[in-house]
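**Q** Sharing a model prediction with you, sequence too.
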Amino acid sequence: MNSDNEQNSDILYQQLLQWLQNPETEVTATDRPATSNLASSNRGQIRNPVDPVESMIEWQTPEFSETQSNFDAQLEDPLTWELEDLDLDHDLNESASAQSSQSFDMGEIPIVQKRFQAILKRKLQAEIERHPPLFPWETEMADYQLEYADEVPAMPNPSRQLWIPQLVSILPISVPDTVLSQLLDLCTEGVATLQSPVAQLVNAVKPLFPEHLHRLNQVANQIRLSPNLASSRLSRGDRENQRQALAQALPESYEAGTSEQQMAMTLLAAREILEALTLTVSSQQQTNERQWRTTAGLVWLKLHYNPDNTVPTREPLKISARLPKGGCLNVKTDRETAQAERIYPGFLSVELFDWQPGERYAVEVSLNDRQHQSLQFMAVCQ
Amino acid sequence: MEIIYKLVFDQLRQQTKASENNCCEVALRIDEEVTRICHESRRIQASGEVENWAKTLANHRLKLCFRYYKLGSNRGRIELSSTLSAIVYRYISPSKARSSYQARVTLLEDFLQGFFAEALNAFRREAKLRPDYTPRSRLELAEYMAYAERYAKRRIPLPGHRAQQLIILRAQTFSQKQPSEMSVDMDMAAEGSSASTETDSHSAVLHELRSFMVGQDNAIADIQMYETIIEELIRYLKDRQQEECVQYFVLRLQDLAASEIETVLGLTSRQRDYLQQRFKYHLVRFALSHQWELVHQWLEADLEHNLGLTPYEWQAFMSQLTPQQSQLLKLKQEKAETSDIAKALSLSVAQTEKQWFKLLELAWDIRNRSVS
């Protein structure tokens, strides 16, 4: 075999490839003894073309500010953003095309870039198919939720979804999440008012039956006297009996009911929710607590009042919570805000000093999840 | 611009199954963005064809949105991620100087997560949406994915009348935040033999100096010639049904390591080695025969520069030529057509080309010998 020729063409190949890859790289003979080359400095005739990539090193280094405002300030004409995409340079007699040809980088020779990206895309597609990425808001979504429907579901509002598990079994029959979610919103508003319990109830349900206010009042009055399912005045057994009796009186499901039955069911559910959102203590009942099931786990909340009659000043109201994930506990009065937060699951506690008997104070519990609203309880000390 | 809103809304109603409300919201957003661009763009204002521009921009948005709508949630995100990953692939470099495909893929995932969040925030801000807005319907998801793609590809003007795609700038920043080592990337393994140590010396200082020394006109001419050579070489390979060689060449041009090339093309080292040999064969023929003039001109080793030889080497070169070769060289210097040269030398055209190939090879050999 002609090994000399073979070697010669090897060298030639290396040189060509080197130049094509990196046209400006000036490699001296000592760098590559076996592949001497045209560009050694004492010869000088053969100059390597300037490497546009390297000459741009300075500007490629993102020396511009990271802040969005500065970045925005550098954007000239918004049309520039998409000329490449639109391939409409020819429509504009300005220097747009000249500009794009100057923004040249070896990898950006259009034909090379296009082919390189096509090759990589094919390969990466196979990779990504195995682990499709999640978008930022999807990290806590279930798999089935990743299929997006055409219709935006009017409800349930995802911001309330976190708190729905507690409400699912509020009645002995199933009530749609959409209704529960709306009710939770309405009751949260209602519970903050100083209205009578019936007025609170009717006002909370009213928006769901806007045409039937009169009938709604009647039904509300009827159920007013029925015992409250979650009432602490009932024993566990009595409560269960109540549930069963109610289950027999109600249709199979919310949807199966007549509008009057739906009204009644909604009012019953609203009454339970209003009750669950209110924590009352007094010198007789010094603690009151609530458990609330969420999609993240159980939230536990306790209101505590410990009057000490020997001290002339009023003892603070103490509110503690155990959260299933990081979150925040916040209590507000006109003159005082008490807040505590933590990053991981666990206990939090705040104290309210400046409170008045009979006054309702909003206790806000939020879990670290920007997609979801907080839940607001009312704390009352009689 | 009522016209744009209606155009977009009608199209959305026709081509998607989204609710009327949803179509209305998306149409309003597109309308507002397009109107804003038309209003702010001096070029569009100066063109006097504001309405046509608005339609073009709106249709561009719709087209991309429909594409993602048709693909749906799963295939859409795969398409978006692979498109964006391919764009930034070579800018995402792992901390070690030697990059591997897998290492880059892992970093790409991280990078894209951050980018998707940025795109979401940018979308909320530009479309004046609630700070906690998230896409809920298939159409809204398509709208977001289309936005993310356009956002990624925005040409951001940089100092010196240059522009770069936004996502590439982000990838560069991202890579700089990766722990890095000051090292020279020795791509020793790439070609497998000792003679093939292709140092990839990206010496920033050197190049910075050079960019001062080389005039801008020269640089642009060089770039154009370089671009032509690359395009010609790709065409040459394609004409010879060497699609695989094209792929190999393109990946080499982007500084991919041998192992990376193997992974990307799904080849064993042996297969890659064989492909490389094939590519070599074609590259040498391209440079010394098919496009010898262009290549030698680019290297400033054309006949006007005595094939890049020093006067002393040129003498040595001449002295080694047979009378026929001397005549061939003379005719080439006179820029005679190959067919005429063939006639003059009583050779076939193919034989003439072969002779010329040998002659050029000899010149390369002399240059290399005199240095080594």
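**A** Everything's here; your move. These numbers come from a predicted model, not from an experiment. Residues are numbered from 1 along each chain as shown, chains lettered A, B, ... in the order given.

**Q** Break down the stretch 201-350 of chain A into its strands, ranges please.
**A** Listed in chain order, the strands found in the stretch 201-350 of chain A under DSSP state E, counting those that start in this stretch are A:278-281, A:287-294, A:297-305, A:317-323, A:327-332, A:337-342, A:346-352.

**Q** So which of those is nearest A:H372?
**A** strand A:287-294 (8.8 Å; C-beta to C-beta). Quick note: C-beta positions are derived from backbone N, CA and C, even for glycine.

**Q** now the closest one against strand A:317-323, angle please.
**A** Put simply, strand A:287-294 runs at 30 degrees to strand A:317-323, going by axes from the mean of the first three to the mean of the last three C-alpha atoms, to 10 degrees.

**Q** what angle sits between strand A:287-294 and strand A:297-305?
**A** Relative orientation of strand A:287-294 versus strand A:297-305 (the same axes, to 10 degrees): 160 degrees.

**Q** for strand A:287-294, what is the average pLDDT?
**A** The average pLDDT within strand A:287-294 is 91.

**Q** For chain B, find the nearest of the strands of the stretch 201-350 of chain A.
**A** strand A:327-332 (16.2 Å; C-beta to the nearest C-beta).

**Q** which residues sit against the closest one?
**A** Contacts made with strand A:327-332 from outside it, assessed by C-beta atoms under 8 Å, 6 or more residues apart in numbering or on different chains, are listed as A:319, A:321, A:323, A:337-342, A:348-350, A:352, A:361-368, A:374, A:379.

**Q** Provide the strand pairings for it, with the direction of each partner.
**A** strand A:337-342 (antiparallel), strand A:360-367 (antiparallel) (DSSP bridges).

**Q** Direction-wise, compare that strand with strand A:346-352 and give the angle.
**A** Taking the same axes, to 10 degrees, one finds that strand A:327-332 is oriented at 10 degrees with respect to strand A:346-352.

**Q** quick one, helices of chain A?
**A** Shown for chain A, the helices assigned by DSSP state H span residues A:3-21, A:52-55, A:57-60, A:68-74, A:83-86, A:96-102, A:110-130, A:158-161, A:165-168, A:177-191, A:197-205, A:213-224, A:236-249, A:259-276.

**Q** Just the buried residues of stretch B:156-170, please?
**A** B:I156, B:P157, B:L158, B:R162, B:A163, B:Q164, B:Q165, B:L166, B:I167, B:I168, B:L169, B:R170 (16 or more other C-beta atoms under 10 Å in any protein chain shown).

**Q** on that earlier part again, looking at the helices of chain A, which is closest to B:G72?
**A** The minimum distance between B:G72 and those falls on helix A:110-130, with 13.8 Å, by C-beta to C-beta.

**Q** Now the residue lying closest to A:D150 once chain neighbours are set aside: which helix or strand?
**A** Nearest residue to A:D150 in three dimensions, chain neighbours excluded: B:K17, at 4.2 Å (C-beta to C-beta, 6 or more residues apart in numbering or on different chains). B:K17 belongs to no helix or strand when assigned by DSSP states H and E.

**Q** I'd assumed A:Y148 was in contact with B:K17.
**A** No - between B:K17 and A:Y148 there is no contact under C-beta atoms under 8 Å: 11.6 Å.

**Q** Compare those two and say which one has the larger neighbour count.
**A** Higher neighbour count among B:K17 and A:Y148: A:Y148, with 20 against 14, using other C-beta atoms under 10 Å in any protein chain shown.

**Q** Distance of that one relative to B:R77?
**A** The gap separating A:Y148 from B:R77 is 11 Å, by C-beta to C-beta, to the nearest Å.

**Q** what's the neighbour count on the nearest residue to B:F66 once chain neighbours are set aside?
**A** Among residues not flanking B:F66 along the chain, B:Q15 sits closest, at 5.7 Å (C-beta to C-beta, 6+ apart). For B:Q15, the neighbour count with other C-beta under 10 Å is 15.

**Q** still on that earlier bit, between B:K17 and A:Y148, which contacts overlap?
**A** B:R138.

**Q** list the helices and strands the strand or helix carrying B:A152 packs on?
**A** Element membership for B:A152 (DSSP H and E) is helix B:138-153. The contact analysis (3 or more C-beta pairs under 8 Å, 6 or more residues apart in numbering or on different chains; DSSP states H and E) places helix B:138-153 against helix A:83-86, helix B:20-40, helix B:50-88, helix B:101-126, helix B:166-177.

**Q** comparing those, which gets the lowest mean pLDDT score?
**A** Among these, helix A:83-86 carries the lowest mean pLDDT (a mean of 59).

**Q** circling back: go through the helices and strands packed on helix B:138-153 and name the closest to A:L301.
**A** Among the helices and strands packed on helix B:138-153, helix B:101-126 comes nearest to A:L301, with 32.4 Å by C-beta to C-beta.

**Q** now that closest one, how far from the chain's geometric center?
**A** Computed by C-alpha atoms, centre = their mean, to the nearest Å, the separation of helix B:101-126 from the middle of its chain amounts to 22 Å.

**Q** quick one: buried residues of that helix?
**A** Buried residues in helix B:101-126 (16+ other C-beta under 10 Å): B:101, B:103-105, B:107-108, B:111-112, B:115-116, B:118-120, B:122-124.

**Q** and the angle from it to helix A:110-130?
**A** Computed by the same axes, to 10 degrees, the angle separating helix B:101-126 from helix A:110-130 equals 90 degrees.

**Q** Just list what helix B:101-126 packs against, helices and strands only.
**A** Where contact means 3+ C-beta pairs under 8 Å, 6+ apart, helix B:101-126 is packed against helix A:110-130, helix B:50-88, helix B:138-153, helix B:166-177, helix B:258-265.
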